[in-house]
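Asks: return atomic coordinates for the entry below.
(one chain, ligands or ions: 2)
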Amino acid sequence: MKLTQKTAIVTGASQGIGLACAERLVREGARVMLVDVRPEGAAAAEALGDAARFFQADVSIKAEVDAMVAATLAAFGHIDILVNNAGVTHAADFLDLAEDDFDRVLRINLKSMFLCSQACAREMVKRQDTQQRGCIINMSSVNAELTIPNQIPYVVSKGGVNQLTRVTAISLAQHGIRVNAIGPGTILTELAKKAVLGSPEARHTILSRTPLGRCGEPEEIAAIAAFLASDDASYMTGQTLYADGGRMALNYTVPVKE
Ligand SMILES: NC(=O)C1=CN([C@@H]2O[C@H](COP(=O)(O)OP(=O)(O)OC[C@H]3O[C@@H](n4cnc5c(N)ncnc54)[C@H](O)[C@@H]3O)[C@@H](O)[C@H]2O)C=CC1
Ligand SMILES: C[C@H](O)[C@@H]1OC(=O)[C@H](O)[C@@H]1O
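Replies: Ligands and ions are numbered 1, 2, ... in the order given. Modelled structure (predicted):
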């Protein structure tokens, strides 16, 4: 186990990729605070046993982020790892997209990562061990660079996540805090099922752009988070690692095995 004695916060951990990340970090020996705006994560934390806790918070609201950090310090004493995973999407054509919907997606997908990173980094810099004071992992997407026409605020937010990852990395490197991102392709969760896997045609479109010929599993993203959180990634910061079945490497369609 590579994360023994480490402590972590995982946001958006009630389901999907966030829950898979929390489960994997616990398996690697970490104590994990599962955070989500929905209460379902409490049962997941209980199922994970003594190494896990749950805190309900909307991570786009600073006061709730501050309360999340206070609860984690009270439970675990310090914070080594932050996984900024919470995210939403909103489908609308450009001409129909409402300002409030644009603002909401950017607030949850991008501003929350700034709020959580700053609040956690302020605690990490107090640690004595100046070599490895902590690490931050942001959940980006292939859609930071590719695009989905009817998910404008989503793709904009993810492009921002990649830049936030870089600028936070160079800002915190002097403090011994590493910051990286993961860019998943299409992963079999509620978000993707609603957004892009809702019809056979939509699924065919995704698979025609995925050389490995399948969507990913949340656990496959969690494995990368566990790597980035560990000392195996001790010389990595400011990077976005794409785990996408080959989508980012592709500039043509592939035959789909139905
Ligand atoms: N599923 C996919 O194909 C991909 C997902 N991603 C990213 O991975 C992350 C997780 O996505 P999924 O697990 O698929 O989504 P999901 O919808 O299954 O889970 C997201 C979780 O975040 C929580 N959440 C939403 N807003 C929140 C807020 N303001 N405060 C706290 N928690 C909040 C939700 O309650 C939910 O439990 C997101 O950032 C998403 O953009 C990136 C690429 C692909
Ligand atoms: C919501 C998106 O469509 C979903 O999340 C991603 O970024 C993947 O590419 C999926 O399409």
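
Asks: immediately after the lengthiest strand in the chain, which helix or strand?
Replies: Identified as the longest strand of the chain according to DSSP state E is strand 177-184. Downstream of strand 177-184, the first helix or strand assigned by DSSP states H and E is helix 190-195.

Asks: buried residues, that next one. List them.
Replies: For helix 190-195, burial by neighbour count (16 or more other C-beta atoms under 10 Å) applies to 191-192, 195. Glycine gets a C-beta too; all of them are placed from N, C-alpha and C.

Asks: so which of the residues you listed also contact ligand 2?
Replies: Restricting these to those adjacent to ligand 2 (criterion: C-beta under 6 Å from any ligand atom) gives 191-192, 195.

Asks: tell me what angle the lengthiest helix in the chain forms with strand 177-184.
Replies: Taking DSSP state H as the criterion, the chain has its longest helix at helix 152-172. Angle, helix 152-172 to strand 177-184, by axes from the mean of the first three to the mean of the last three C-alpha atoms, to 10 degrees: 160 degrees.

Asks: who touches helix 152-172?
Replies: With contacts defined as C-beta atoms under 8 Å, 6 or more residues apart in numbering, helix 152-172 is touched by 87-90, 92, 94, 97, 101-102, 104-106, 109-110, 113-114, 117, 121, 136, 138-141, 143-148, 178-181, 183, 195, 237-240.

Asks: contact partners for A51?
Replies: So A51 contacts 26, 30-32 (C-beta under 8 Å, 6+ apart).

Asks: elements contacting the host helix or strand of V83?
Replies: V83 belongs to strand 81-84 when elements are defined using DSSP H and E. Counting contacts by 3 or more C-beta pairs under 8 Å, 6 or more residues apart in numbering; DSSP states H and E, strand 81-84 is packed against strand 7-11, helix 16-27, helix 112-124, strand 134-139, helix 218-229.

Asks: pairing partners for it, with directions?
Replies: The pairing partners recorded for strand 81-84 under DSSP bridges are strand 7-11 (parallel), strand 134-139 (parallel).

Asks: just checking that strand against ligand 1, any contact.
Replies: No. Against ligand 1, strand 81-84 shows no contacts by C-beta under 6 Å from any ligand atom, the least distance being 7.9 Å.

Asks: mind listing residues that contact that strand?
Replies: 3, 6-11, 18, 21, 25, 30, 59, 112-113, 116-117, 120, 134-139, 225, 229.

Asks: mean confidence score for it?
Replies: The average pLDDT within strand 81-84 is 98.
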